[in-house]
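Chemist: have a look; sequence and predicted model below, questions after that.
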Amino acid sequence: MDDQNKNLILATALSFVVILVWFVVFPPPEPEQAPQTSIEQTAQTGENVAAAPTTAEAPATSAGQTDTTLEAAGQDVPRIDIDTPRLTGSVSLLGGRIDNLQLKDYRVSLDSDEIVRVLSPVGSPSAYYALYGWAPGSGLTIDDVPGANTEWTLESGDTLSVDSPVSLSWTNGQGLTFGRELAVDDNFMFTVTQSVTNATGQQVSLAPYGVLARHGEPQDLKNFFVLHEGVVAMADGSLSEIDYDDMPDFEFEPREGARADVTQVEHDGWIGFTDHYWMSTLIPAPGSAFKQVAKYDERRDIYQTEAVLPTQTLADGGSVSVTTQLFSGAKEWAAIRNYEKDGILGFLDSIDWGWFFFLTKPIFWLLHELNKIIGNMGWAIIGLTLILKAILFPLAYKSYVSMAKMKELQPQMEALKEAAGDDRQKMQQGMMELYKKEKVNPAAGCLPILLQIPIFFSLYKVIFVTIELRQAPWFGPFQDLSMPDPTSIMNFFGWLPWAGPEPGTLMATVLIGILPLLLGISMFLQQKLNPAPTDPTQQMIFAWMPWVFMFMLGGFASGLVVYWISNNVITFTQQYLIMRSQGYTPDVFGNIRQTFNRKKKTDEK
């Protein structure tokens with residue numbers, strides 16, 4: 001067997017093994033399911049926020065301890081509508097909770113008109129909301145500060161919208177007057193300004209805080225290894241990610257009243273919960289020190305993140321205000337990048353770029369820019385493939401030239417084998433001297449394929465994680481490039497009047513769509529640039545490889561299969577032209593005929 005075929009088999013086999021391991025460890029995710037229960041916008045019942053931090057004397061207080069009185073079930077509490085170009089929902093005056101938020105631009109599924117919900121009030125499935133308040137310090141008790149069940153008064157504004165903030169107030173009857181102003185921009189960022197005025201006749205201490213509370217794990221939790229879902233936090237440039245199933249393993253913190261993980265941030269940070277495509281995050285002002293808390297209340301099954309700002313000490317007649325932000329919406333790259341440019345440290349890292357972040361970030365940037373120019377994500381993926389292949393072309397050219405030189409050295413290599421006989425060491429030494437003399441690298445043929453592996457994984461991450469690929473159309477039946485090919489051999493790729501198998505099932509894997517089929521054919525044609533090896537084992541590997549890949553990648557996102565097909569076609573063209581430039585014209589059709597003739601002879605025997 002010549003070294004050219006050895007290199008090709010080694011590279012192909014290595015790619016096969018890596019993708020097989022990936023397929024087994026990280027199987028393609030199941031298609032998104034629409035929620036079975038829609039949530040009423042005004043759903044109200046209640047339970048106060050999970051065991052918030054304990055009351056203590058300032059400055060030792062940790063955060064806002066909410067009162068223990070449960071909200072009366074079915075209580076009719078006034079609400080303030082939220083209405084922006086991209087958001088709809090409402091704020092409850094009970095606790096001033098931002099607890100009802102939907103995204104106008106995103107539907108639950110392609111065949112549904114229901115829009116995506118990010119935040120839900122207590123009493124609805126998977127309640128999830130943001131709550132703000134003050135932790136009592138010296139001179140105060142929990143009844144002196146607003147809590148989860150405090151009913152606020154609307155002072156100004158009737159609808160929270162862009163450039164139209166609303167103001168709330170509450171007086172404790174003992175000389176403390178609290179104010180809260182809520183504003184929202186034209187994307188997904190709320191600005192919350194909390195204020196307090198002291199007219200008690202004495203000095204008081206209290207600490208502002210923000211809380212995100214989530215009742216139970218999300219209903220649509222993917223539990224997919226390649227994706228992080230749970231707490232995401234930035235503390236002075238250090239990113240941390242905690243899965244939901246790791247939070248019950250926190251050590252019990254008496255000061256927090258629950259299992260908790262506590263971090264002291266010196267100057268910049270944020271904390272919240274991230275889902276597949278959506279995120280809610282508490283963001284103190286840049287440059288602010290604060291305490292970052294992630295906790296789990298076992299008794300109520302509530303997950304919680306907190307941002308607790310430093311204690312404020314007010315003399316009689318004094319006042320203070322503190323401004324923080326709340327991001328709650330879609331993890332759009334452009335929007336999050338702009339927020340980072342505006343001063344939120346490391347906010348772009350809230351998107352899960354993975355281990356190959358040094359590849360996924362630039363690859364996504366390039367894909368995003370191409371999509372802006374072309375206006376179609378499918379063609380943008382093909383354009384991305386062309387650019388990546390162009391970048392790697394010098395290496396590919398050198399590799400293919402090296403393979404051509406190896407073919408020229410075949411007679412000399414055969415002579416060395418005959419001269420060495422059974423002396424393998426002598427043969428290897430002779431080969432190395434020959435390679436050195438002719439300046440040939442026998443491993444060069446593997447490099448282009450080996451470099452494709454991290455690029456493949458990075459693009460897989462980009463297509464699976466980023467929201468820009470969610471429900472991104474290409475043409476015809478391909479209306480969501482983040483999902484597997486919707487066509488099937490079962491209905492002749494949509495030409496016959498019956499539905500194909502359910503995506504994600506074994507039948508869908510076997511009765512593949514048109515894209516996996518094209519993938520197999522493109523790999524088969526790429527193989528036929530060279531004659532089949534003479535060794536029967538190698539012949540079998542080459543014969544089965546395209547079709548095994550075809551079924552393995554059939555359940556992956558169709559955008560990834562589009563990339564792989566494009567890569568195969570471009571690689572075929574590059575290799576064909578380079579081989580022609582080196583004086584060798586591949587006989588593709590002859591090699592195909594030889595394959596089928598060999599199979600026919602085998603069947604006759």
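Modeler: Perfect, thanks for sending it.

Chemist: distance of residue 83 relative to residue 328?
Modeler: The spacing between residue 83 and residue 328, counted by Cβ to Cβ, to the nearest Å, is 15 Å. The C-beta positions use only the backbone N, C-alpha and C, and glycine is treated the same way.

Chemist: okay, the two: which has more neighbours?
Modeler: Neighbour tally, residue 83 and residue 328, criterion other Cβ atoms under 10 Å: the higher count belongs to residue 328, 26 against 15.

Chemist: in terms of pLDDT, where does that one sit?
Modeler: Taken from the predicted model, the pLDDT recorded for residue 328 is 98.

Chemist: over to the one 4 residues further on?
Modeler: Among the per-residue scores, residue 332 shows a pLDDT of 97.

Chemist: can you give me phi and psi for it?
Modeler: Its backbone dihedrals place residue 332 at phi -80, psi 130, with angles given as degrees, to the nearest 10.

Chemist: which one is it nearest to, not counting chain neighbours?
Modeler: Computed as Cβ to Cβ, 6 or more residues apart in numbering, the closest residue to residue 332 that is not its neighbour in sequence is residue 467, at 6.0 Å.

Chemist: and the one you found, what is it in contact with?
Modeler: The neighbourhood of residue 467, defined by Cβ atoms under 8 Å, 6 or more residues apart in numbering, consists of 277, 330, 331, 332, 333.

Chemist: swap in 6 Å and give it another go.
Modeler: In this structure, residue 467 makes contact with 277, 330, 331, judged by Cβ atoms under 6 Å, 6 or more residues apart in numbering.

Chemist: now residue 243
Modeler: Contact analysis of residue 243 by Cβ under 6 Å, 6+ apart lists residue 230.

Chemist: list the buried ones in the strand or helix carrying residue 547?
Modeler: Mapping residue 547 onto the secondary structure by DSSP states H and E places it in helix 536-553. Neighbour counts over helix 536-553 (16 or more other Cβ atoms under 10 Å) mark 538, 539, 541, 542, 545, 546, 547, 549, 550, 552, 553 as buried.

Chemist: does residue 205 count as helix, strand or coil?
Modeler: Taking DSSP: H, G, I helix; E, B strand; the rest coil as the rule, one finds residue 205 in the strand state.

Chemist: confidence score at it?
Modeler: Looking at residue 205, the pLDDT reads 95.

Chemist: I'd guessed it sits against residue 138; true?
Modeler: Yes - shown here, residue 205 and residue 138 form a contact pair, counting by Cβ atoms under 6 Å, at 4.6 Å.

Chemist: distance of the residue nearest to residue 332 relative to residue 84?
Modeler: Distance from residue 467 to residue 84, counting by Cβ to Cβ: 18 Å.

Chemist: what element comes up after the helix holding residue 547 heading to the C-terminus?
Modeler: Going down the chain from helix 536-553, the next helix or strand is helix 558-581, by DSSP H and E.

Chemist: how about the helices in the protein?
Modeler: If DSSP state H is used as the criterion, the helices of the chain fall at 3-25, 333-341, 357-374, 377-391, 393-408, 410-420, 424-438, 447-465, 506-510, 514-527, 536-553, 558-581, 588-604.

Chemist: so which residue is smack in the middle of the protein?
Modeler: residue 465 (2.8 Å; Cα atoms, centre = their mean).

Chemist: so what's it closest to, chain neighbours aside?
Modeler: Distances taken as Cβ to Cβ, 6+ apart put residue 352 closest to residue 465, at 5.3 Å, once the chain neighbours are dropped.
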